[in-house]
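Enquirer: Based on what follows, work out the 3D shape:
(chains A, B, C and D)
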2 protein chains.
Amino acid sequence: MARAAGVGRGTASRVLNGSVQVSPAARAAVRRAVDELGYVPNRAARSLVTRRTDTVALVVSEPGDRLFGDPYFAAILRGIGERLAESPYQLLLTMTATSRDRDRVAAYLTDQHADGVLLLSLHAHDDLAARLETRGVPTVCGGRPTTSHPACVVDVANRAGARSAVEHLLERGRRRIALVAGPQDMSSGHDRLLGAQDAWVGAGLHVEHLLVVPGDYSEASGEVAVRELLSHGQRPDAVFAASDLMAVGAMRALRAAGLQVPEDVAVVGFDDSPVCRHTEPELTTVRQPVVEMGRVMADLLLMRMVGGDVPAETVLPTQLVVRASS
Amino acid sequence: MARAAGVGRGTASRVLNGSVQVSPAARAAVRRAVDELGYVPNRAARSLVTRRTDTVALVVSEPGDRLFGDPYFAAILRGIGERLAESPYQLLLTMTATSRDRDRVAAYLTDQHADGVLLLSLHAHDDLAARLETRGVPTVCGGRPTTSHPACVVDVANRAGARSAVEHLLERGRRRIALVAGPQDMSSGHDRLLGAQDAWVGAGLHVEHLLVVPGDYSEASGEVAVRELLSHGQRPDAVFAASDLMAVGAMRALRAAGLQVPEDVAVVGFDDSPVCRHTEPELTTVRQPVVEMGRVMADLLLMRMVGGDVPAETVLPTQLVVRASS
DNA sequence: GTGGCGGATGGGAGCGCTCCCACCGGGGGC
DNA sequence: GCCCCCGGTGGGAGCGCTCCCATCCGCCAC
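Expert: Numbers count the residues shown, from 1 in each chain, chains lettered A, B, ... in the order given. The predicted structure follows:
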């Protein structure tokens, strides 16, 4: 290729990498040769010597069906994709269902397979972030892990959002509020519980009078939770579910019991996922800026990869969106 | 590393690549050295010489927001991910919004950046498949393109599915059926129109008496289409929408006009996306095996990459799912 | 005992690139 | 007019691996 352009390999390389120390004539000659030969530099050879790969990996610690079944991940990926499209980096997508998967991915990534890693949905006791960091691979976590303390975390204001949701219900005069909580081994689930309690206690009510039933973010768990509640003779006038899907399940159970939403029972969800628009009535919820979170994660990673300092924890705001269900 | 194990580089390489021509003693020595040193082979160096990358790329010819907003892609990705997880290949995700993007991706992939490519949502006049094939990169397309004829295509039985949907409505005694069609520059949209006409004509009705209004698969387009229909004094007793989202929009418009589903107007969608369960009443639809399609695409690509012969066109069955809306 | 054969092994060559050093030549300072 | 400096250039070295050839050794047949 360099020979075709009539220059040395060094000069050709300098043109391809945008170095300034090249004369216009040589630059033009190389450009022409590249076009004529349809030359594409070999990435493997390049990364062998530069020790970079121009690839960033996204690791989701969930099996594939959860990843792709959940609009939350779709939105985050969208934000990440947006930012990465403006950078020279390619996205490598990985999901780890089992701990064996995780080992495989760890080995894969600790080598020079990615210049940076984005971690999503970290479970308790997942040491992937730490392993990668000690190997010198920059990392950004989405969602604060419960146990470990990674170098760089992006999260949303789960607690404040949950607080505003319950405050909203209290303002509407509801006093028999049931909380369908999320999984308590995830910080998002725990924080949303704390936020709901904040509002409750802030209104001068006793924390133990807040009705709390467990859920796992899935629609089924929301339905079961409310059904059980009703069958035990409890009769809430409002339900705050820690996810939209659980709220949908809750509404289903309420309807099955002959209760009207919002007349008999107000319902509020969390996420502002697309499903909110398809419920009847449309669901009041707490919007979390998921796409924005993806963008911020990508931004922070890009900064870290060039050695920039970034805040250890970034928290994005949440916002109550009032619709017809409350 | 080889020195640490007390063997030659050749022998070490043989062990790492699972060659049989190695003595148990040497094999054990290498294994031990690998463990002790935490050695991970350098992929860049390996692929420089093997000219393989152990990476499969997925190219979606849509901007990122459409990719991740649409459960269809999520499901396909899930199927692909499932299969690839069982193989040594990593998934590289790429979306091309603009034609400049497409050129960039083409250049990226025609080099040794991926051993095989999966193409999704190919638009008319997209020559990416052809370009890749001539460069020797095996390719599998999801969804039959309208203009080009790639070497390997996986599609679903759109025509037969649409036919069964309209037959179902006819069996229910509906005779004033309106079709909200999909985009006619995509084969799926066109095929679904043909299938609907098949059923209509098959019942001895005149093809021109089938009410057809255009849509683009989006919820908004379905709502607009039905609203226009009603405002023009048309009064169908059934609506078959070529996508679930359009069916949801159609139901919204029908409700706004004071019409009951299914009493006054039966509604059938296409896709069997999760949204079907969240409508009131639940939506009758044509299920397309999207996850399966992803799996099949991955399977075929894996076969092609080892030089296996595969059918040029694979068509997966669709199936009518009757729910409450019809 | 000798020749031959084949399984196991060591290491040279080279993949395509970037880094870096040596070199070349022209313009300005003394 | 000489030297120095610096922008621009060419090419050697080497990144870490696999491929392949030459070699070695032990065993069997004659």
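Enquirer: Could you see whether chain B lies near the helix or strand containing A:V224?
Expert: A:V224 is part of helix A:219-231, with elements assigned from DSSP states H and E. No: using Cβ under 8 Å from any Cβ of the partner chain, helix A:219-231 stays clear of chain B, coming no nearer than 8.6 Å. In short, each C-beta sits where N, CA and C put it, glycine included.
Enquirer: May I see the buried residues of that helix?
Expert: A:E219, A:S221, A:G222, A:E223, A:V224, A:A225, A:V226, A:R227, A:L229, A:L230 (16 or more other Cβ atoms under 10 Å in any protein chain shown).
Enquirer: Can you spell out which helices and strands pack onto that helix?
Expert: Under the contact criterion of 3 or more Cβ pairs under 8 Å, 6 or more residues apart in numbering or on different chains; DSSP states H and E, helix A:219-231 touches strand A:177-180, strand A:211-213, helix A:244-256.
Enquirer: any idea of the angle that helix forms with helix A:244-256?
Expert: 40 degrees (axes from the mean of the first three to the mean of the last three Cα atoms, to 10 degrees).
Enquirer: hmm, whatever helix or strand comes next after helix A:219-231 in reach of chain B?
Expert: Sequence order places strand A:238-241 as the next helix or strand after helix A:219-231, per DSSP H and E. No: remark: strand A:238-241 sits outside contact range of chain B, by Cβ under 8 Å from any Cβ, the gap being at least 14.8 Å.
Enquirer: same deal with stretch A:80-98?
Expert: Yes: using Cβ under 8 Å from any Cβ, we find that stretch A:80-98 touches chain B at A:G81, A:E82, A:A85, A:Q90, A:L91, A:L92, A:L93, A:T94, A:M95, A:A97.
Enquirer: top of those residues by neighbour count?
Expert: Neighbour counts for the residues of stretch A:80-98 next to chain B (other Cβ atoms under 10 Å in any protein chain shown) peak at A:M95, which has 26 neighbours.
Enquirer: So what does that residue have for phi and psi?
Expert: Main-chain dihedrals, A:M95, degrees, to the nearest 10: phi -130, psi 140.
Enquirer: what are the bridge partners for it, then?
Expert: A:V60 (DSSP bridges).
Enquirer: That one and B:V34, how far apart?
Expert: 26 Å (Cβ to Cβ, to the nearest Å).
Enquirer: again, but for A:L84
Expert: 33 Å.
Enquirer: Contact distance from DNA strand D - what residues of the stretch 1-150 of chain A qualify?
Expert: Within the stretch 1-150 of chain A, the positions adjacent to DNA strand D are A:6-11, A:13-14, A:20-23, A:25-26, A:45, A:48-49 by Cβ under 7 Å from any atom of the strand.
Enquirer: Among these, which are located in strands?
Expert: Per DSSP state E, strands hold no members of those.
Enquirer: Only whichever of these are buried, select them in PyMOL.
Expert: To isolate the buried ones among those in PyMOL, judged by 16+ other Cβ under 10 Å, type:
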select buried, chain A and resi 7+11+14+22+26+48
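Enquirer: got the end-to-end distance for stretch A:301-310?
Expert: By Cα to Cα, to the nearest Å, the extent of stretch A:301-310 from end to end equals 9 Å.
Enquirer: is it anywhere near DNA strand C?
Expert: No: on the criterion Cβ under 7 Å from any atom of the strand, stretch A:301-310 is out of touch with DNA strand C, staying 14.4 Å away.
Enquirer: Sort out which residues of that stretch are buried, please.
Expert: Buried, per 16+ other Cβ under 10 Å, within stretch A:301-310: A:L301, A:L302, A:M303, A:R304, A:M305, A:V310.
Enquirer: distance of A:Y39 from DNA strand D?
Expert: 16 Å (Cβ to the nearest atom of the strand, to the nearest Å).
Enquirer: Give me the domain ranges for chain A.
Expert: Annotated domains of chain A cover A:2-41, A:55-156+A:291-316, A:158-287 [automatic domain parsing].
Enquirer: Turn these into JSON lines, columns for mean pLDDT.
Expert: Listed next are those as JSON lines, based on pLDDT from 0 to 100:
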{"stretch": "domain A:2-41", "mean pLDDT": "81"}
{"stretch": "domain A:55-156+A:291-316", "mean pLDDT": "83"}
{"stretch": "domain A:158-287", "mean pLDDT": "94"}
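Enquirer: Nearest to B:S243, out of these?
Expert: domain A:158-287 (14.3 Å; Cβ to Cβ).
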